[in-house]
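J.: Sequence and predicted structure are below.
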Amino acid sequence: MPNPTGNPATPTPAGTPTQVTQGSRTRGGIGESTLRPDGTLKVTGEFAYSSDMWHEDMLWGQILRSTTAHAEIVSIDVSEALAQAGVYAVLTHDDLPTDVTKYGLEYQDTPVLADGVVRHHGEPVALVAADHPETARRAAARIRVEYRELPVVTDETSALADGAPILHPHRDDHHAGHVAHPNIVHRQPVVRGDAAEAARRADVVVTGEYVFGMQDQAFLGPESGLAVPAEDGGVDLYVATQWLHSDLRQIAPVLGLPEDKVRMTLSGVGGAFGGREDLSMQIHACLLALRTGKPVKIVYNRFESFFGHVHRHPARLRYEHGATRDGRLTHISCRIVLDGGAYASASPAVVGNAASLAVGPYAVEDVDIEAVALYTNNPPCGAMRGFGAVQACFAYEAQMDKLAKALAMDPVELRQMNAMEQGTLMPTGQRVDSPAPVAELLRRVKARPLPPERQWESTAGADVRALPGGLSNTTHGEGVVRGVGYAVGIKNVGFSEGFDDYSTARVRMEVVGGQAVATVHTAMAEVGQGGITVHAQIARTELGVTQVVINPADTRVGSAGSTSASRQTYVTGGAVKNSCELVREKVLAIGRRRFGTHHPAWATAELLLEGGKVVTDGGEVLADLAEVLADEAVEIEAEWRHRPTQAFDLVTGQGDGHVQYSFAAHRAVVEVDTELGLVKVVELACAQDVGKALNPLSVLGQIQGGTTQGLGMAVMEEIVVDPKTAKVRNPSFTDYLIPTILDTPTIPVDILELADDHAPYGLRGIGEAPTLSSTPAVLAAIRNATGLDLTRTPVRPEHLTGTP
Amino acid sequence: MRVNLTVNGRPQQADDVWEGESLLYVLRERLGLPGSKNACEQGECGSCTVRLDGVPVCACLVAAGQVEGREVVTVEGLADYARQREQHGHGGHCATGACAAPGTSLQDARGWSATGTDSQTGEGTALAPVQQAFIDAGAVQCGFCTPGLLVAADEMLERNPSPSDEDIREALAGNLCRCTGYEKILDAVRLAAARQERQGEAV
Amino acid sequence: MDFLRPASWEEALAAKAEHPSAVPLAGGTDVMVEINFDHRRPEYLLDLNRVEPLHDWEVGEENVRLGASVPYTRIMENLRTELPGLALAAHTVASPQIRNRGGVGGNLGTASPAGDAHPALLAAGAEVEVESVRGSRFIPIDAFYTGVKRNAMEPDELIRAIHIKKAAGPQQFSKVGTRNAMVIAVCAFGLALHPDSRTVRTGIGSAAPTPVRAKEAEAFLNAALDEGGFWDSGAVLTPAIARQFATLAAGACNPIDDVRGTAAYRRHAVGVMARRTLGWTWEQYRSTGHALEGAV
């Protein structure tokens, strides 16, 4: 194996990713449920996650974080910490090596270490490197930080009040010029038609104000990694992330190193869901490694993880929907206020999504939409699965139910009547130019038979495991009422608003052991979604090989873009396909050179690579790939882009901002203990159009996983922030609850495959859409069971029992 | 302090252990067995589930000093453990280590001999039935919860070879997964149980 | 930090006498979390895992003498007939992995109002056998909880066992959490019918600074059952009795608002659980006249 550090003097750390090979007995091309190439490593415990990295003589890094949400740092005294035996370095903002001391996904507004002020609870203030994590913790506890408390900004009122503290007084970002107040990160209106005028045509108008809580990605693998200083003055960084090259772009300038001296390798990633788009410990580990000259490992514990990554934006959403008596939408107006917390992170993109997708998958001509994100002293919020669209979907679907009720219509019929379809104009003026089977998805979930009633009843009495409250034995059927609810959502796929969203794939084909083998090398972050499985399938389909080698993702190959926005199969999958096609052309050229005179079909027929052979489209075998290639290797590294998008107009929100849309619908069946306010979700059926299921098993896994995260948001998941102090009250898995297997129902999935002709293989990005409609479907079902007006998610027992 | 224990059938010794260290830390950082995962360190996720004298526990909540002289089975030793159980007949308990296999050596574990294996077939790697079932059913995504789930599921199938869905749910309620929505995990455990049953009938 | 590993009960008592600040460590389900999260750095950890007698139980004529470290799993599996309320409570504790390690001694030592065993112990009636090198004593469960995470033990004492009255009638336990498994109690309620003494006892968890009994509710119900001749007739309880019992049980709460739930909800939920558990136990009493395992 090549030495990944590129530096012969440095031993390879334990846990360095290696190639995975799949295929000697595997046929599977696209469309088949081939299994994960990393599956065996993962079930044997051999797969190395970033927290498993280990190096002889390594130190442990520890981060001291602010104990208060907004304060001036009067002084920091590190002398006592430095004096501890076993401590190798203590760093503060003053120790940063260059003038670049901030980073950020969109705005560079996040200090690597607090610079005279902390803006949120848990902000990094100082770093320690020591020979044992406990030594590092004790030393960090001995750093004396004197704070002078500042007033906190926690919501729109306090953020925009006269004399409100300005979180970032010297903004120079690209949105600074157009926002009305410096505590507004970004504002995006979308105006089309004349909503006020259209409202006069409405026979029924419903309004509502909705609150969406702060959700956490709660990936199980904590933020962690290992930085190894190299002899050339650079650093090798092994880390779990969603986008290596975005990290690199932010890390290198802070370290004062050229990008080629910061060599990044993707270590095993224990889930991401958006929470690894921003940097966490990357720069900190590198700083400590470069300072001490030793490898430094940092692993957050769960407590720290709650402060170590951004969360899903909490939101307040005010909506007005109007309709004619027969159920046609006349207009929708809304205002969506997203709390971005102390730093911008992905807030501008979240605003763009919330605004452009604010009305949902419905055809409505007159809209008046405004979305804003605020700077506050709350925890920073950014990317999480479905961002912007998730919050909006919760509100617009609640509104659709409310409207159906006001019209005395069936809520599914109302949705179907107003459902968008291919050709519909979005509020942004963009025409939907691929299938949008919204009505059909709803029809499918509705047509499914309902699960049997009273499934908890057995001959031995009530099985509490099947009842609300579960093992806690709160009901044996008393107070339990069933409810059914529906929701449907729309999510954009890929990076939007004119972003140059591309990926890079290097594909190599050569003969190994008499057999043609393809090697795929990308920088795509495999975070569990199965991208590497799909890459192997694409290579097989395009190159006709069985054996595929997947190289570890690193920065030795061009950027793959982010594993987010449901984009990787589309964009990096597209890049792999494209590079395979280029490799195939070269291979065929070699074949023509070598064998062209042997058979006229080399010149005249459409040639394919299948089963390790060159064949004509008529099925005639021309040559074995091993013969064609002989000892030649063909290698291509190429970038691939999807269709360009446009920025939204800052005043009207008009523009072809998105590359593709993705749709899913859910039907939730719940049983609610109406007296205790406890909920058991009995079934959560989903129908989704996936364009083309490259790997049906993985598609199911994505849909069921996304659905479950939406369920968690409906009934239990919320980071609770004290409104007075802006401090997090539940940073642990004891009090931030995610669904267990006993909270998760059966999730039957109906997959449609309506090709999008603009996308590789006709596929549609799928990862996020199921997270959207799951939450409002569960809420709708609970409303159906209880008759309550629930305007907030997650819904808590006190909301269902009138005991706030 | 020094701690002696048996891990996956192999006597192990850890030196200079800090008194507050957990079994999980000792396994991961001192014995080169990072298969048991550090997802919450508060007993709320089950990712670090190991068998301590045969009993599934959260390794993060066992103090290193408490395992002196005791037997630990981790995911790295699960295939051997299942094989030993198979050889000693169904229900045969092998917590004592008397029938233990050589296990993973420290050097092997540290060396990360991530050989090119084919997960379609598990070729080159002997897997416990439940491990194979997790691969086959698509129960692995990011895989961080997988080791703990495998240890817990294997122990449940040892006690209860034909579990109902509710039994599976109850037994695995201490193991959080954030990726799969659990459906494929249920499939995997059902699959392992069915294969086990079929194998039992065949014998 | 020092790690003390006594091999016997006597050694454990001696160690605790020598180092009264030593933190006893058994299942680790409280102490290790505090250590892992850097909330606590005790000078001494006193490992009780090797003290064999703590893992044993004896079923006597009147009582079960339950070793402090008997894991919840064993209680669920082996003592459902003798201690049905506690077995039900044990089944709600955290996860299977935690139930394999944690025991009632830990719940009592930590004395968190949210400990799952407390309501069941209060309802069943129990005494805590504590011991030091100075000797042993029995602390009635009603006198054991003295404040938030405080108990009636002296610094040199350790919990040897819990003597719990064997069930002479049906017992129930309910706990509210916002998840269907692995959840800390928002509030909990235990109820035991004692047909032998014709009394009812209760226990409330997580709805006051300490676990408490709903004494007024008990007194009301005892009187109502007695006056109505219900113990003899086995008649259906009138809804009014159940309602009043629930109201009084809710009134026994002195809860707080916290991140897990509101005070108002806790009071409400305790009332609902009181009414339901009374209904379940009474139905069981009517149909069998004697103790049965709880549902599940």
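T.: Ah, there it is.

J.: so A:Leu220 makes contact with B:Ala39?
T.: Yes - between A:Leu220 and B:Ala39 there is a contact at 4.1 Å, judged by CB atoms under 8 Å. (C-beta placed from N, C-alpha, C; glycine too.)

J.: Find residues that contact each of those two.
T.: A:270, B:45, B:47, B:144-145, B:176 (CB atoms under 8 Å, 6 or more residues apart in numbering or on different chains).

J.: Output the below-cut-off pLDDT ranges for chain B.
T.: Scanning chain B for pLDDT under 70 picks out B:89-125, B:202-203.

J.: Would you mind listing what in it touches chain C?
T.: B:1, B:18-20, B:22, B:41-44, B:46, B:49, B:55-58, B:60-63, B:65-66, B:68, B:152, B:170-171, B:173-175 (CB under 8 Å from any CB of the partner chain).

J.: and the closest residue to C:Ile184 other than its chain neighbours, what does it touch?
T.: In space, and not counting its chain neighbours, C:Ile184 is closest to C:Ala114: 5.4 Å by CB to CB, 6 or more residues apart in numbering or on different chains. By CB under 8 Å, 6+ apart, the residues touching C:Ala114 are C:184-185, C:188, C:205-206.

J.: Show the pLDDT at C:Ala114.
T.: The score at C:Ala114 is 96. That number is its pLDDT.

J.: residue contacts, the residue in chain C that chain B sits nearest to?
T.: As assessed by CB to the nearest CB, chain B sits closest to C:Ser95 within chain C, at 2.4 Å. With contact taken as CB under 8 Å, 6+ apart, C:Ser95 is in contact with B:43-44, B:46, B:58, B:173-175, C:181-182.

J.: what's the answer for A:Leu543, then?
T.: Taking CB under 8 Å, 6+ apart, one finds A:507, A:509, A:516, A:518, A:580, A:583-584, A:587, A:609 in contact with A:Leu543.

J.: Quick check, pLDDT for it.
T.: Confidence for A:Leu543, expressed as pLDDT, is 96.

J.: quick revisit: just give me the closest of the contacts of C:Ala114 to C:Gly279.
T.: Using CB to CB, C:Ala188 is the member of the contacts of C:Ala114 that sits closest to C:Gly279, with 17.0 Å.

J.: Check which helices and strands the strand or helix carrying that closest one sits against.
T.: Applying DSSP states H and E as the criterion places C:Ala188 in strand C:187-194. Counting by 3 or more CB pairs under 8 Å, 6 or more residues apart in numbering or on different chains; DSSP states H and E, the packing neighbours recorded for strand C:187-194 are helix C:84-92, helix C:117-124, strand C:171-176, strand C:199-205, helix C:263-288.

J.: Residue ranges of each domain in the chain, please.
T.: As the question left the chain open, I've gone with chain A. Chain A resolves into domains spanning A:52-150+A:224-269+A:276-304, A:432-494+A:659-801, A:502-641 when parsed by automatic domain parsing.

J.: ah, no, chain C please
T.: C:2-165, C:177-288.

J.: For the closest residue to chain C within the stretch 51-200 of chain A, grab phi and psi.
T.: Across the stretch 51-200 of chain A, the shortest distance to chain C (CB to the nearest CB) belongs to A:Arg137, at 5.6 Å. Dihedral pair for A:Arg137: phi -60, psi -40, per degrees, to the nearest 10.

J.: Pretty sure C:Pro96 sits against C:Thr73.
T.: Yes - the criterion here is CB under 8 Å, and C:Pro96 meets it with C:Thr73 at 7.2 Å.

J.: Do you have the strands of chain C handy? List them.
T.: C:2-4, C:23-25, C:44-47, C:57-59, C:63-67, C:126-132, C:135-140, C:145-147, C:150-151, C:158-165, C:171-176, C:187-194, C:199-205 (DSSP state E).

J.: Redo these as JSON lines? Include mean pLDDT and distance to B:Val189.
T.: Output for those, formatted as JSON lines (pLDDT from 0 to 100; distance: least, CB to CB, whole Å):
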{"stretch": "strand C:2-4", "mean pLDDT": "97", "distance to B:Val189": "38"}
{"stretch": "strand C:23-25", "mean pLDDT": "98", "distance to B:Val189": "33"}
{"stretch": "strand C:44-47", "mean pLDDT": "98", "distance to B:Val189": "34"}
{"stretch": "strand C:57-59", "mean pLDDT": "98", "distance to B:Val189": "32"}
{"stretch": "strand C:63-67", "mean pLDDT": "98", "distance to B:Val189": "33"}
{"stretch": "strand C:126-132", "mean pLDDT": "98", "distance to B:Val189": "38"}
{"stretch": "strand C:135-140", "mean pLDDT": "98", "distance to B:Val189": "45"}
{"stretch": "strand C:145-147", "mean pLDDT": "97", "distance to B:Val189": "41"}
{"stretch": "strand C:150-151", "mean pLDDT": "98", "distance to B:Val189": "41"}
{"stretch": "strand C:158-165", "mean pLDDT": "98", "distance to B:Val189": "36"}
{"stretch": "strand C:171-176", "mean pLDDT": "98", "distance to B:Val189": "27"}
{"stretch": "strand C:187-194", "mean pLDDT": "98", "distance to B:Val189": "30"}
{"stretch": "strand C:199-205", "mean pLDDT": "98", "distance to B:Val189": "33"}
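
J.: Just send those back as JSON lines, with mean neighbour count too.
T.: Converted to JSON lines, the strands of chain C look like this (neighbours: other CB atoms under 10 Å in any protein chain shown):
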{"stretch": "strand C:2-4", "mean neighbour count": "19"}
{"stretch": "strand C:23-25", "mean neighbour count": "23"}
{"stretch": "strand C:44-47", "mean neighbour count": "22"}
{"stretch": "strand C:57-59", "mean neighbour count": "14"}
{"stretch": "strand C:63-67", "mean neighbour count": "22"}
{"stretch": "strand C:126-132", "mean neighbour count": "23"}
{"stretch": "strand C:135-140", "mean neighbour count": "13"}
{"stretch": "strand C:145-147", "mean neighbour count": "16"}
{"stretch": "strand C:150-151", "mean neighbour count": "15"}
{"stretch": "strand C:158-165", "mean neighbour count": "25"}
{"stretch": "strand C:171-176", "mean neighbour count": "30"}
{"stretch": "strand C:187-194", "mean neighbour count": "30"}
{"stretch": "strand C:199-205", "mean neighbour count": "26"}
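
J.: a markdown table for the ones you listed, including distance to A:Asn183?
T.: Formatted as a markdown table, the strands of chain C follow (distance: least, CB to CB, whole Å):
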| stretch | distance to A:Asn183 |
| --- | --- |
| strand C:2-4 | 52 |
| strand C:23-25 | 47 |
| strand C:44-47 | 49 |
| strand C:57-59 | 62 |
| strand C:63-67 | 59 |
| strand C:126-132 | 56 |
| strand C:135-140 | 57 |
| strand C:145-147 | 44 |
| strand C:150-151 | 45 |
| strand C:158-165 | 55 |
| strand C:171-176 | 40 |
| strand C:187-194 | 40 |
| strand C:199-205 | 44 |
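
J.: Mind checking those for the one nearest to A:Gly767?
T.: That would be strand C:171-176 among the strands of chain C, by CB to CB, at 34.4 Å.

J.: and stretch A:192-202, average pLDDT?
T.: 98.

J.: list the contacts for A:Val372?
T.: A:184-188, A:336-338, A:351.

J.: sorry, back to before: tell me which of the domains of chain A is the most buried.
T.: domain A:432-494+A:659-801 (a mean of 23; mean count of other CB atoms under 10 Å in any protein chain shown).

J.: starting at the chain centroid, how far to that one?
T.: 18 Å (CA atoms, centre = their mean, to the nearest Å).
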